[in-house]
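prediction below, plus the sequence it came from.
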Amino acid sequence: MGAHMDDKQIVERISELAAEEQRLEEAHVGEGLSDEEQARKRDLEVTLDEMWDLLRQRRAKRNAGQDPDAATQRSADTVEGYLQ
């Protein structure tokens, strides 16, 4: 991926990640996920949080008349801390 994704690319990425998360859950209805799948699901959730955060930042910058490309993908720790 390039240095900057535009909103459309971010939204597409969110859709892909959400779809993969859905598939993981549906593949294991009634049974637990393996450790590997649990880890993958956590990764997906973290990345989704980061993508949503990036999208919100871009929109906020655009609304403020700033360059949306100045928004940066923040680490999961920042994003997670932020949702508490």
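Thanks, I have it. The shown structure was predicted, so the numbers you read here are calculated from the model rather than taken from an experiment. Numbering: from 1, shown residues only.

contacting residues for the spatially most central residue of the chain?
By Cα atoms, centre = their mean, the chain has its centre lying nearest to L48, at 1.9 Å. Contacts for L48 were tallied using Cβ atoms under 8 Å, 6 or more residues apart in numbering; they are 14, 17-18, 21. Placement of C-beta: from N, CA and C, glycine included.

where's it relative to R13, distance?
9 Å (Cβ to Cβ, to the nearest Å).

quickly find the element holding the residue nearest to the centre of the chain.
helix 35-63 (DSSP states H and E).

show me how far that helix is from its chain's centre.
Helix 35-63 sits 2 Å away from the centroid of its parent chain (Cα atoms, centre = their mean, to the nearest Å).

is T72 in a helix, a strand, or coil?
Secondary structure of T72, reduced to three states by DSSP: H, G, I helix; E, B strand; the rest coil: coil.

could you report the neighbour count for it?
11 (other Cβ atoms under 10 Å).

got any ranges where this protein has weak pLDDT?
Across the chain, the ranges flagged by pLDDT under 70 are 1-3, 78-84.

which residue of it sits farthest from its center?
Max distance from the centre of the chain (Cα atoms, centre = their mean): G30, 26.3 Å.

any idea how far that residue is from Q22?
With Cβ to Cβ as the criterion, G30 and Q22 are 16 Å apart.

quick one: the helix or strand L24 falls within to helix 35-63, angle?
Element membership of L24, judged by DSSP H and E, is helix 7-27. Put simply, helix 7-27 runs at 150 degrees to helix 35-63, going by axes from the mean of the first three to the mean of the last three Cα atoms, to 10 degrees.

related to what we said a few turns ago, element containing the residue farthest from the centre of the chain?
Assessed by DSSP H and E, G30 sits outside every helix and strand.

quick one, phi/psi of it?
Recorded main-chain torsions at G30 are phi 80, psi -10, according to degrees, to the nearest 10.

for it, give its distance to L24.
Noted for G30: a distance of 14 Å to L24, by Cβ to Cβ.

can you report how many residues lie near E16?
Around E16 there are 13 residues (other Cβ under 10 Å).
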